[in-house]
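Colleague: fold the following and give me the result.
(chains A and B)
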2 protein chains.
Amino acid sequence: MKFFKEYANWILTGIILALAAILVGALVFMKNQPPQERSFQPVVEIAALEPDSEKWGLNFPNQYATYLKTGENETDTEYGGSSAFSHLERDPRQALLFMGYPFSKDYNDDRGHEFALADVNATLRVNEATHATCYSCKSSDNPRMWDELGLQGYDAMLFSEMAPNMTETIGCANCHEAGTMRLVVTNPSLEIAFESLGVDWKTFTRQEMRTVVCANCHVEYYMVGDNKALTFPWENGTRIDQIIAYYNEIGFSDWTYPGAGTPTLKAQHPEFEFFTAGSTHYNAGVSCADCHMPYTRDGAMKFSSHNIHSPLLDPEAACGQCHTDVSYVTGRVNEIQDQVFLAKQATEDAILDAINAITLAAANPSNDPLGLDEARQLHRTAQFMWDFVSAENSMGFHNPEYALSILAEATNLARQAQMKAAHSVNDVTLLGVNYYYTLDPLPTPVP
Amino acid sequence: MKFFKEYANWILTGIILALAAILVGALVFMKNQPPQERSFQPVVEIAALEPDSEKWGLNFPNQYATYLKTGENETDTEYGGSSAFSHLERDPRQALLFMGYPFSKDYNDDRGHEFALADVNATLRVNEATHATCYSCKSSDNPRMWDELGLQGYDAMLFSEMAPNMTETIGCANCHEAGTMRLVVTNPSLEIAFESLGVDWKTFTRQEMRTVVCANCHVEYYMVGDNKALTFPWENGTRIDQIIAYYNEIGFSDWTYPGAGTPTLKAQHPEFEFFTAGSTHYNAGVSCADCHMPYTRDGAMKFSSHNIHSPLLDPEAACGQCHTDVSYVTGRVNEIQDQVFLAKQATEDAILDAINAITLAAANPSNDPLGLDEARQLHRTAQFMWDFVSAENSMGFHNPEYALSILAEATNLARQAQMKAAHSVNDVTLLGVNYYYTLDPLPTPVP
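Modeller: Have a look, this model is predicted:
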């Protein structure tokens, strides 16, 4: 006891210091933890494949409220953002690059998910022959319809026949399983594409699914057979060279370029393939949702914002999840996008020069058909490579080195196409550079 | 007193806790502070411009000991490192690209600073007519010699005349001021170049100087007038387009490409211009020394390693200063370098095709001289752009998007050069692609 009394002060101090240290350690530890998945008590039961997002919103008011904002914001960034500006007006070269294809008539930038159904119903790219396939990424009615009709049955219908079933725009059911709320592959084409790669998406972690659910739609695709079945060209893999090889193996083209006769490919919106091809953010374990649906707070409640949009519209919330120096990183994004934009424009000029040369060579009866076909193959590859970067919605930022490498090679191939065309008709006058700019007036897109 | 006795334990505990908190705070604060410049007690006094690094080493044994290691390590990385491998053997296209210029005879990779003097004395690029200018970056005798002779006097001498004065390789005096040890511009050409930009380097912070002292040597330069005065082409700025514009304005070329007749430029080692052109690391405030001379420890003593080499040879020390995930970031470096390497090879192929076409066109008496000159101008620009990336010692990593943007444009211009050449002689047979690979046997470099 004497011992205890004598050292009581020191023992007490020691205990308090130890407790303080544990407290500090615990606080530091908690600060570095990822947010936990929450269990939840549903207010209402949601039926499987329920298309009406408002019902899901009763259980998840924060997610639903932020989701509705995708129908309000139409703010632009320098190269994209949320308004439906016309790519054809902003860059008239694109009207020429898509000549003979519906994109030369109507090519507006994507708006938020809330607008998806209205925008597909309004696009001039749809006509009486268009299949229901074009609704695949536009409505939360789809999981239910795919379940009823199957992929082939759904895609076999005409767009106009399917229209009455499409009452809801993109919503909860496109990414979530009712009841468990887990993230799921809902597009049967994605399921099939993963199978062809020998991949079982059900083995993915939640963080991986925060990228994979975006691949329900944000991918390259084409339509197969009379049913126009939605198909992802991933059998060889998802890298651009593997996709090009696949299209060449099956001899697919979207349209034949008028005059030039090139069997041309239209790239869609290959965000998934582009981002996952070894980009710095993907390799670091960052998901699409980390930047486009950053964690936010409603009082004590932490949740993913469902106001999906460009991180540049709210960089503090998006980039600030990981980067403390937000103005620095957005400055970097701008610089990178400017560089990609310049390289992309140079590629467009080179492709237009190639198209011009091939068109004139094709019109020349004395052309060497083999040489001319080589020129068309080069044009086809160059244009798809360019479009893979151009149609991808990040002006290269999702994978900057990939974008610039692809554009460098596309320009090279376009110039080679031009040279082959000139060679095929023994005519050096086809070797003009930036032909497009020498025309006065600038050519009007042909419908 | 009663009060004091009753609460003595608590007061004591409070004081101890407060002191502990201050101690923890101070430790955290110190941990996050950049290393301080130390005042030091010199063991020996160092004379101004003292060339002998061993003397400086008495005051700074850690810095000196690590510096000596630059004379030991000859380990390579995938694309560079510390051995003197031959670029011409590794990539025979370079022997063709430098045809007619000494680099086609002898082009070895740089070794460590300790080897600098021995390697310049051994290179085949030096002959009887070579000026002392070529010693400018090879010896710590230089600050003293510049002080004695002035830039013009130094450069006016022949290499062989200067040789007896060059007893020391690169050393302390190339970057440090004796006495204060502050980092200083020692190369008078850099001083002049900064003046031409209206920049006073004495206003730079120490962290800025940890990049600027490297620009004493790691820059693009050329030699002016009969004295062969070392000059940096920075009057318009240090971006590649500004440097090209400068060389065009003054009509400078390093040599005339044999056969083709192109007034060609040789890029040197523009690490400074390349890194500072908006690279992600430079914009983030990182200096050359942060990665190439990372802070290290000798017991309690913290110092910059002077074993200057590729960060990839010791990534834990280099990248690990800022990045916790070292294997991830070195993986990214490798991926980026692979992409730049592929793009660079495509550019080389395009330039060789252009050279071939221009050479044949030049040999054709019926060529259109104006068209042919346009082809040469395009070749000149493409080759300098390629070399700016190729001669820069990082396989693009110092500024990846800049590297890929430059290469994309260089390939485009090289193809345009080829087309102009074909056009100038009305000969489509000059439009072959990858001409170099169709030759059997591969051409041997012409001395």
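Colleague: just list what the helix or strand harbouring residue A:241 packs against, helices and strands only.
Modeller: Assigned by DSSP states H and E, residue A:241 falls within helix A:240-250. When contacts are defined as 3 or more C-beta pairs under 8 Å, 6 or more residues apart in numbering or on different chains; DSSP states H and E, helix A:240-250 packs onto helix A:369-390. All C-beta spots, glycine's among them, are computed from the backbone N, C-alpha and C.
Colleague: now the helix it packs on: mean pLDDT?
Modeller: For helix A:369-390, the mean pLDDT works out to 98.
Colleague: now stretch A:261-280
Modeller: 97.
Colleague: repeat that for stretch A:318-325.
Modeller: pLDDT averaged over stretch A:318-325 gives 94.
Colleague: buried sites along it?
Modeller: A:318, A:319 (16 or more other C-beta atoms under 10 Å in any protein chain shown).
Colleague: what's the end-to-end length of that stretch?
Modeller: Stretch A:318-325 has its terminal residues 12 Å apart, counting by C-alpha to C-alpha, to the nearest Å.
Colleague: now do it: everything it contacts.
Modeller: A:286, A:290, A:291, A:292, A:294, A:295, A:311, A:312, A:326, A:329, A:330, B:284 (C-beta atoms under 8 Å, 6 or more residues apart in numbering or on different chains).
Colleague: cutoff 6 Å now
Modeller: Contacts with stretch A:318-325, where a contact means C-beta atoms under 6 Å, 6 or more residues apart in numbering or on different chains, come from A:291, A:294, A:311, A:326, A:329.
Colleague: pick the one among those closest to chain B.
Modeller: Checking the contacts of stretch A:318-325 against chain B with C-beta to the nearest C-beta, the nearest one is residue A:329 at 9.1 Å.
Colleague: show me the contacts for the closest one.
Modeller: For residue A:329, the contact set (C-beta under 6 Å, 6+ apart) comprises A:319, A:323.
Colleague: what of residue A:267?
Modeller: Residue A:267 makes contact with A:220, A:384, A:387, A:388, A:391 under the criterion C-beta under 6 Å, 6+ apart.
Colleague: now do the contacts for the first one.
Modeller: Shown in contact with residue A:220 (C-beta under 6 Å, 6+ apart): A:267, A:268, A:270, A:273.
Colleague: could you check how far the closest residue to the second one other than its chain neighbours is from chain B?
Modeller: Just to be clear, that refers to residue A:268. Take residue A:268 and drop its neighbours on the chain: the residue closest to it by C-beta to C-beta, 6 or more residues apart in numbering or on different chains is residue A:220, 5.2 Å away. To chain B, residue A:220 is 21 Å away according to C-beta to the nearest C-beta, to the nearest Å.
Colleague: what separation do you get for residue A:220 and residue A:302?
Modeller: Note on residue A:220: its distance to residue A:302, by C-beta to C-beta, to the nearest Å, is 34 Å.
Colleague: what sits against the most centrally placed residue in chain A?
Modeller: Closest to where the C-alpha atoms of chain A average out (C-alpha atoms, centre = their mean) is residue A:271, at 2.9 Å. By C-beta under 6 Å, 6+ apart, the residues touching residue A:271 are A:218, A:392, A:393.
Colleague: go on, residue A:79?
Modeller: By C-beta under 6 Å, 6+ apart, residue A:79 lies in contact with A:337, A:395.
Colleague: pretty sure it is in a strand, no?
Modeller: No. Going by DSSP: H, G, I helix; E, B strand; the rest coil, the assignment for residue A:79 is coil, not a strand.
Colleague: quick check: phi and psi on it?
Modeller: Note on residue A:79: its backbone torsions stand at phi -120, psi -10 [degrees, to the nearest 10].
Colleague: next one: it from residue B:376, what distance?
Modeller: From residue A:79 across to residue B:376, the span is 36 Å (C-beta to C-beta).
Colleague: residue A:352 too?
Modeller: 25 Å.
Colleague: who has more neighbours out of those two?
Modeller: Between residue A:352 and residue B:376, counting by other C-beta atoms under 10 Å in any protein chain shown, residue B:376 is the more crowded of the two (25 against 20).
Colleague: isn't that one right next to residue B:262, touching?
Modeller: Yes. Between residue B:376 and residue B:262 a contact is recorded at 4.3 Å, counting by C-beta atoms under 6 Å.
Colleague: quick one: low-confidence parts of chain A?
Modeller: Flagging of chain A using pLDDT under 70 yields the residue ranges A:1-6, A:8, A:25-40, A:435-447.
Colleague: how about the residues of it near chain B?
Modeller: Contacts of chain A with chain B, taken as C-beta under 6 Å from any C-beta of the partner chain, map to A:9, A:13, A:16-17, A:278, A:280, A:332, A:335-336, A:339, A:343, A:346, A:400-401, A:404-405, A:407-408, A:411-412, A:415-416, A:419, A:422-423, A:426, A:428, A:431, A:433.
Colleague: are any of those residues buried, and which?
Modeller: Buried among those (16+ other C-beta under 10 Å): A:13, A:278, A:280, A:332, A:335-336, A:339, A:343, A:346, A:400-401, A:404-405, A:407-408, A:411-412, A:415-416, A:419, A:422-423, A:426, A:428, A:431, A:433.
Colleague: residue A:100 and residue A:258 touch, don't they?
Modeller: Yes. Counting by C-beta under 6 Å, residue A:100 does reach residue A:258; the two are 4.1 Å apart.
Colleague: the more surrounded of these two?
Modeller: Neighbour count, other C-beta under 10 Å: between residue A:100 and residue A:258, residue A:100 has more, with 18 against 15.
Colleague: so that one: helix, strand or coil?
Modeller: coil.
Colleague: distance of it from residue A:369?
Modeller: 21 Å.
Colleague: what of residue A:132?
Modeller: If you go by C-beta to C-beta, the gap between residue A:132 and residue A:369 works out to 39 Å.
Colleague: swap in residue A:343?
Modeller: Taking C-beta to C-beta as the measure, residue A:343 falls 33 Å from residue A:369.
Colleague: do residue A:49 as well
Modeller: Residue A:49 is 53 Å from residue A:369, by C-beta to C-beta.
Colleague: more neighbours, these two?
Modeller: Remark: of residue A:49 and residue A:369, residue A:49 carries more neighbours, 18 against 9, as counted by other C-beta under 10 Å.
Colleague: quickly find the element holding the more buried one.
Modeller: For residue A:49, there is no host helix or strand (DSSP H and E).
Colleague: which residues does it contact?
Modeller: A:143, A:144, A:147, A:173.
Colleague: ranges for the strands of chain A?
Modeller: A:222-224, A:229-231, A:255-256, A:263-264, A:295-298, A:301-304 (DSSP state E).
Colleague: as JSON lines, those strands with mean neighbour count would be great.
Modeller: Shown next, in JSON lines, are the strands of chain A (neighbours: other C-beta atoms under 10 Å in any protein chain shown):
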{"stretch": "strand A:222-224", "mean neighbour count": "18"}
{"stretch": "strand A:229-231", "mean neighbour count": "22"}
{"stretch": "strand A:255-256", "mean neighbour count": "16"}
{"stretch": "strand A:263-264", "mean neighbour count": "21"}
{"stretch": "strand A:295-298", "mean neighbour count": "13"}
{"stretch": "strand A:301-304", "mean neighbour count": "14"}
